[in-house]
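A.B. asks: task: produce atomic coordinates for the following.
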Amino acid sequence: MRTFTVKNAGIISTMTNGSTELRLRGISDNYPGFNHPLTFCPIQTKHKPALMKAIWGSHKQLAGYINWAKYARSWNGTDMSKYIDSLINDPLPNQHFAFFIGNEVVGVGSLVECYTVVDCQISLWVNSKYQGMGIGKRIVHTLEDVAFRVHGFNILYYEHDSSNESSKRLPQKCGFQFSHSRDLAKTSSKETGLWFSWYKYRPVDMPDGILQGRDIDDFVNP
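C.D. replies: Here you go, the predicted structure:
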């Protein structure tokens, strides 16, 4: 197996080129306050127990802003398997990653298609047990590096309902600029339907990524 690395936000990501997706695995020094590093990798079927535990423990907080979360407390193993399979089989450019401290899922981050084929969007949630520890910021910066450095997306967006105060602060902490607002149908209990969109441009001095014409093998070390 051939790998290449992306290092950012305290996480060293080892990426391998598969036929349908990039597979990532991260490792760093121990996360502040813990005896394990913050790591990440693509969501896989084997993550079902850890994901179920994290979702069940956070479902009340998640349900206010994530439509599927209001059903999650009643999910069984089959339901969770279907949910994980939907993330694993989601076609590129969509990619979904689990973030761990030890064996516990502390957050989930995704890169998903956005307004054009050269743009993408970050979405994420943090396990309620680990909120306020800077993990959301680590997720944003890690996925930003993958989006810009590897894929070469032109603009990275971060969008949230206007009433979500924690989501409102996070993109500003991570250097995003306000772009626009738009009205969407309400799907969860705490939503207002007014969404804010934030953006960040790909650095102009960054080497070409896949969308700029570089072959994926250019990023791969034997």
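A.B. asks: who does the strand or helix carrying Phe178 pair up with?
C.D. replies: Using DSSP states H and E, Phe178 sits within strand 177-183. Here strand 177-183 has these sheet partners by DSSP bridges: strand 194-201 (antiparallel).
A.B. asks: low-confidence stretches in this structure?
C.D. replies: For the chain, applying pLDDT under 70 flags the ranges 1-28, 219-222.
A.B. asks: regarding it, what is its longest helix?
C.D. replies: Secondary structure of the chain per DSSP state H: the longest helix is helix 48-63.
A.B. asks: quick one: the following helix or strand past that one to chain centroid distance?
C.D. replies: Per DSSP H and E, the first helix or strand lying C-terminal to helix 48-63 is helix 69-72. Computed by CA atoms, centre = their mean, to the nearest Å, the chain-centroid distance of helix 69-72 equals 19 Å.
A.B. asks: what residues of helix 69-72 count as buried?
C.D. replies: For helix 69-72, the neighbour count (16 or more other CB atoms under 10 Å) marks 69-70, 72 as buried. Using the backbone N, CA and C atoms, a C-beta is placed for each residue, glycine as well.
A.B. asks: quick one: which of those is nearest to Leu143?
C.D. replies: Ranked by distance to Leu143 (CB to CB), those are led by Ala69 at 20.2 Å.
A.B. asks: I'd guessed that closest one sits against Leu62; true?
C.D. replies: Yes: taking contacts as CB atoms under 8 Å, Ala69 lies within contact range of Leu62: 3.6 Å.
A.B. asks: show me what counts as buried in the longest strand belonging to the chain.
C.D. replies: In the chain, with assignment by DSSP state E, the single longest strand is strand 104-113. Neighbour-count burial for strand 104-113, with 16+ other CB under 10 Å as criterion, is recorded at 104-111.
A.B. asks: can I get these in JSON lines including distance to Val146?
C.D. replies: Output for the buried residues of strand 104-113, formatted as JSON lines (distance: CB to CB, whole Å):
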{"residue": "Glu104", "distance to Val146": "22"}
{"residue": "Val105", "distance to Val146": "19"}
{"residue": "Val106", "distance to Val146": "18"}
{"residue": "Gly107", "distance to Val146": "15"}
{"residue": "Val108", "distance to Val146": "15"}
{"residue": "Gly109", "distance to Val146": "10"}
{"residue": "Ser110", "distance to Val146": "11"}
{"residue": "Leu111", "distance to Val146": "7"}
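A.B. asks: quick one, the helix or strand Glu159 falls within and strand 104-113 angle?
C.D. replies: For Glu159, the host element (DSSP H and E) is strand 155-161. Computed by axes from the mean of the first three to the mean of the last three CA atoms, to 10 degrees, the angle separating strand 155-161 from strand 104-113 equals 120 degrees.
A.B. asks: what is strand 155-161 packed up against?
C.D. replies: Under the contact criterion of 3 or more CB pairs under 8 Å, 6 or more residues apart in numbering; DSSP states H and E, strand 155-161 touches strand 119-126, helix 165-173, strand 194-201.
A.B. asks: then that strand to PDB, C-alphas only?
C.D. replies: Written as PDB, here are the backbone C-alpha positions of strand 155-161 (Å, rounded to 0.1, in the frame of the first residue of the first chain):
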ATOM      1  CA  ILE A 155     -13.900  27.700  -2.100                       C
ATOM      2  CA  LEU A 156     -14.700  26.000   1.100                       C
ATOM      3  CA  TYR A 157     -18.000  26.800   2.700                       C
ATOM      4  CA  TYR A 158     -19.400  26.400   6.300                       C
ATOM      5  CA  GLU A 159     -23.100  26.800   6.700                       C
ATOM      6  CA  HIS A 160     -25.400  26.700   9.700                       C
ATOM      7  CA  ASP A 161     -28.800  27.800  10.900                       C
END
